[in-house]
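> Any chance you can model this:
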Amino acid sequence: MIFINPKTDFAFKKIFGSEQSKDILISFLNALLYNEQPVIEDLEILNPYLAPRIRGIKDTYLDVRAKVTGNKTVIIEMQILNIEGFEKRILYNAAKAYSIQLKSGESYTLLNPVIALTITDFKMFDFSENVISRFVLKEKDYLVDYPIYDLELVFAELPIFTKSLEELETLTDKWFYFLKEARSLEQIPPTMAAVPEIQHAFEIANQSLLTPEELEDLERQEIYIYDARNAIAKANKEGLKAGAQAKALEIARSLLDVLDVETISQKTGLSVADVQALEQARA
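All right, here's what the predicted structure looks like:
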């Protein structure tokens, strides 16, 4: 079997946000948000997957939204690319989901909690090596929670999760392994198939069951991700080169009164012409 890559937002929404995905999403959210306790007993997927979609819109992202037990709204998003403004977008989407619950004139007491769960395929935070990080409003000096615990940001950083199939212990481990490795598997591992919801997730992820339109959209998104990652890598490389050039120029300027042009060129890697230009500009 060939499985679609759950880390693309197209596939993520199909697996976790389809009409038939309720059991999958309940298991996934209980694992990541509630330490595998059955806190969420039922949910309603608010924007179920429909295909075909995103045709011609290469950078559209598709989140999964659900109303869970206790009337909480959970926004789940898979993010592969670390794009500019990403952190602000998460906060904006969570705040917007919280504020749009009220119609004009309605009481603030009608507001229900919102959780934004973001799974990233890149490292976001340097303060911890935990895969899952949680953020809530706190008093700055005493770190006391704000009295109303209504807005929570939860992040799962996939690069931190490095367990092999043989090392999987918890349900959370298995879900992370599914997200990271499903695309590279040719069959469902028995330890994963033992969890009915994960077995179901693999069944939805079976590429042979996709329509031609879905396959086309999936391929288009994978090409976009590949191109975008290459563009980011190129920009970073050019930025490093520009940084190295600026540093070399700075060093050369500091040596103008100490060494001759040829020696400065050898020491910094700049051309003789570049060093001469610095000397002339100073004069």
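> Show me the shaky parts of the protein.
51-62, 231-232, 235-236, 238-240, 283 (pLDDT under 70).
> which stretches of it form helices?
Per DSSP state H, the chain carries helices over the ranges 9-17, 22-33, 86-99, 171-181, 190-193, 196-204, 212-255, 261-268, 272-282.
> Of the ones you listed, flag the one that's most buried.
The highest mean neighbour count among these, using mean count of other C-beta atoms under 10 Å, belongs to helix 9-17: a mean of 25. For glycine as for every other residue, the C-beta is placed from the backbone atoms N, C-alpha and C.
> And that one, what does it pack against?
Judged by 3 or more C-beta pairs under 8 Å, 6 or more residues apart in numbering; DSSP states H and E, the packing partners of helix 9-17 are helix 22-33, strand 64-68, strand 72-79, helix 196-204, helix 212-255.
> Quick one: list the elements packing against the third one.
Other elements packing on strand 72-79 under the criterion 3+ C-beta pairs under 8 Å, 6+ apart are helix 9-17, helix 22-33, strand 64-68, helix 86-99, strand 114-120.
> With the last one instead?
Using 3+ C-beta pairs under 8 Å, 6+ apart, the elements in contact with helix 212-255 are helix 9-17, helix 261-268, helix 272-282.
> So this protein: which segments form each domain?
9-210, 211-283 (automatic domain parsing).
> For those domains, give me TSV that also has distance to Met1.
TSV is the format used below for the domains of the chain (distance: least, C-beta to C-beta, whole Å):
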stretch	distance to Met1
domain 9-210	6
domain 211-283	15
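> So which of the helices and strands packed on helix 212-255 is nearest Leu215?
Judged by C-beta to C-beta, the one of those that comes nearest to Leu215 is helix 9-17, at 10.4 Å.
> How many neighbouring residues does the closest residue to Ile119 other than its chain neighbours have?
Excluding the flanking residues, the one nearest Ile119 by C-beta to C-beta, 6 or more residues apart in numbering is Ala156, at 4.6 Å. For Ala156, the count of nearby residues is 23 (other C-beta atoms under 10 Å).
> do Glu19 as well
Counted with other C-beta under 10 Å, Glu19 comes out at 9.
> what's around the spatially closest residue to it that is not a sequence neighbour, how many residues?
The shortest distance from Glu19 to any non-neighbouring residue, by C-beta to C-beta, 6+ apart, is to Pro48 (5.0 Å). Other residues near Pro48 number 16, with proximity taken as other C-beta under 10 Å.
> Could you give the backbone dihedrals for Pro48?
Phi and psi for Pro48, reported as degrees, to the nearest 10, are phi -60, psi 150.
> My read is that Ser27 contacts Phe178, right?
No: in this structure Ser27 lies outside contact range of Phe178 using C-beta atoms under 8 Å: 10.8 Å.
> list the residues that contact both of those two?
Common neighbours of Ser27 and Phe178 (criterion: C-beta atoms under 8 Å, 6 or more residues apart in numbering): Ile198.
> if we can go back for a sec, turn the helices and strands packed on helix 212-255 into CSV, including distance to Glu77.
CSV is the format used below for these (distance: least, C-beta to C-beta, whole Å):
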stretch, distance to Glu77
helix 9-17, 7
helix 261-268, 46
helix 272-282, 47
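> how close does Gln199 get to Phe28?
With distances taken as C-beta to C-beta, to the nearest Å, Gln199 is found 13 Å from Phe28.
> typed the wrong thing, it's Ser133
17 Å.
> can you check Val261 too?
Applying C-beta to C-beta to Val261 and Phe28 gives a distance of 64 Å.
> Which one, of the helices and strands packed on helix 9-17, ends up nearest to Met124?
strand 72-79 (9.3 Å).
> got a list of contacts for that closest one?
6-9, 12, 16-17, 25, 29, 33, 43, 46, 61, 63-68, 86, 90, 93-94, 97-98, 101, 112-122, 179.
> got the angle for that strand vs helix 171-181?
40 degrees (axes from the mean of the first three to the mean of the last three C-alpha atoms, to 10 degrees).
> who does strand 72-79 pair up with?
strand 64-68 (antiparallel), strand 114-120 (parallel) (DSSP bridges).
> Those into a markdown table, with extra columns for distance to Arg282?
Output for the strands paired with strand 72-79, formatted as a markdown table (distance: least, C-beta to C-beta, whole Å):
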| stretch | distance to Arg282 |
| --- | --- |
| strand 64-68 | 60 |
| strand 114-120 | 47 |
